[in-house]
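# I'll drop the sequence and a predicted model, then ask my questions.
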Amino acid sequence: MSQEWPLWEVFIRGQHGLNHRHVGSLHAADAEMALKNARDVYTRRNEGVSIWVVEAAHITASSPSDKGPLYEPSESKVYRHPTFFDIPDDAGHM
Amino acid sequence: MTDQEALFEYLLRLGDSTLILGHRISEWCGHAPVLEEDIALANTALDLIGQTQMWLGLAAEVEGAGRSADELAMLRDVWDFRNLLLVEQPNGDFGQTMMRQCLFDAFHIELLTALSQSDDNRIAGISAKALKEVTYHLDRSSETVIGLGDGTEESHRRMQAALDLLWPYVGEMVTPDAVDTAMHAAGIAPDLTALRARFDTRIDAILTDATLVKPDSTYAQTGGKTGFRHSEHLGHLLTQMQWLQRAYPGAAW
């Protein structure tokens, strides 16, 4: 077993109504301790109203080397953006 | 001792205990075992120094001698301090620091809970504000004591040693003397004897979870909150904490 505490990713909701946003990571022995550490490390200046922590090992991430197959196909598909509609004046700013 | 002198003494006890413990914990800044604990301890230290500003500010007002909270903190010598002996004890290893913290927090939370119902509105107000901070302090220190006590063979051994070392300083916190009794009679402070029962319940539960054995002794070191006899550690602490004001009197930023 590793002697190091596992790594946790920290997500904080800055205000009610906003999404939780990734703010960084830290080490902790378990989830409860990760929450406390997140409180101490990332909310010292009144940054948040809610904290999520997730063990970094549980995050499945896309690989940067896959970015061609993953993202390039959508670059040539401008019709997926709703830019070809005339917006009626009555609708106002969108 | 007049009522006003007793109140001044009592406020010094509150403010000096948070000041000295706050300074003690701040000694970990940059040295704690991991970054997360380093910041957490610094946060706790700042909470306690903040509480000190309020307690000593009120003490200065009650004294009415024109001294400020800063002057009380930085220009008194050892024999004028009224902090509990427990909080001036050295940090030792991280486990010892957390054990000291947990013992104090378990007392502090009960004291502030009671003081937030004080007949003195100023004391009730400060206590209610500090109680939120201390609730988190105890949450953190008790979890750490439980984690380390019920941890590896080595962490358990160190935590038991810390408990054995610090236990003789617990009695002073929860044993009333003349000032405590006068404050209780005046409706300002709680009955420490009743508070002790609540403290014991809390500590017993924590120590049981931590698989630690409470020393079978009621021997209590005394002399901190009366100022009669501090341990030698307080003088060393003050030379560090007060150095700047002593070397450059009146220095401000």
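That came through, no problem.
# what's near enough to touch the nearest residue to B:Met241 once chain neighbours are set aside?
Nearest non-adjacent residue to B:Met241, counting by CB to CB, 6 or more residues apart in numbering or on different chains: B:His23, 5.1 Å away. Heads up, the C-betas are built off the backbone N, CA and C, glycines and all. Counting by CB atoms under 8 Å, 6 or more residues apart in numbering or on different chains, B:His23 makes contact with B:45, B:49, B:237, B:240-241.
# Give the PyMOL command for selecting the buried subset of the residues you listed.
Per 16 or more other CB atoms under 10 Å in any protein chain shown, the buried members of these correspond to this PyMOL selection:
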select buried, chain B and resi 45+49+237+241
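# Is it possible to get TSV of the contacts of B:His23 that adds secondary structure, pLDDT and distance to B:Glu36?
Converted to TSV, these look like this (DSSP: H, G, I helix; E, B strand; the rest coil; pLDDT from 0 to 100; distance: CB to CB, whole Å):
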residue	secondary structure	pLDDT	distance to B:Glu36
B:Ala45	helix	97	15
B:Ile49	helix	97	21
B:Leu237	helix	98	26
B:Gln240	helix	96	25
B:Met241	helix	97	26
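# about what we covered before: kindly list the main-chain dihedrals of the residue nearest to B:Met241?
phi -70, psi -40 (degrees, to the nearest 10).
# Next: B:Thr152.
phi -90, psi 170.
# tally of neighbours for it?
By other CB atoms under 10 Å in any protein chain shown, the residues close to B:Thr152 number 9.
# number of nearby residues for residue 7?
Defaulting to chain A. 14.
# Chain B was what I was after
Around B:Leu7 there are 23 residues (other CB under 10 Å).
# Who are the contact partners of it?
Going by CB under 8 Å, 6+ apart, the list of residues near B:Leu7 reads B:62, B:120, B:183, B:186, B:188.
# Highest neighbour count among those residues?
Most crowded among the contacts of B:Leu7, counting by other CB under 10 Å, is B:Met183 at 25 neighbours.
# Can you check the pLDDT for that residue?
For B:Met183, the pLDDT comes out at 96.
# Could you check how far it is from B:Lys225?
12 Å (CB to CB, to the nearest Å).
# quick one: the helix or strand encompassing B:Leu48 near chain A?
If you go by DSSP states H and E, B:Leu48 is part of helix B:35-63. Yes: applying CB under 8 Å from any CB of the partner chain, one finds helix B:35-63 touching chain A at B:35-36, B:39-40, B:43.
# by contact count, what packs against that helix?
Under the contact criterion of 3 or more CB pairs under 8 Å, 6 or more residues apart in numbering or on different chains; DSSP states H and E, helix B:35-63 touches strand A:20-27, helix A:31-42, helix B:3-26, helix B:69-74, helix B:94-115, helix B:121-149.
# Just the buried residues of the third one, please?
What it means is helix B:3-26. Quick answer for helix B:3-26 (16+ other CB under 10 Å): B:6-26.
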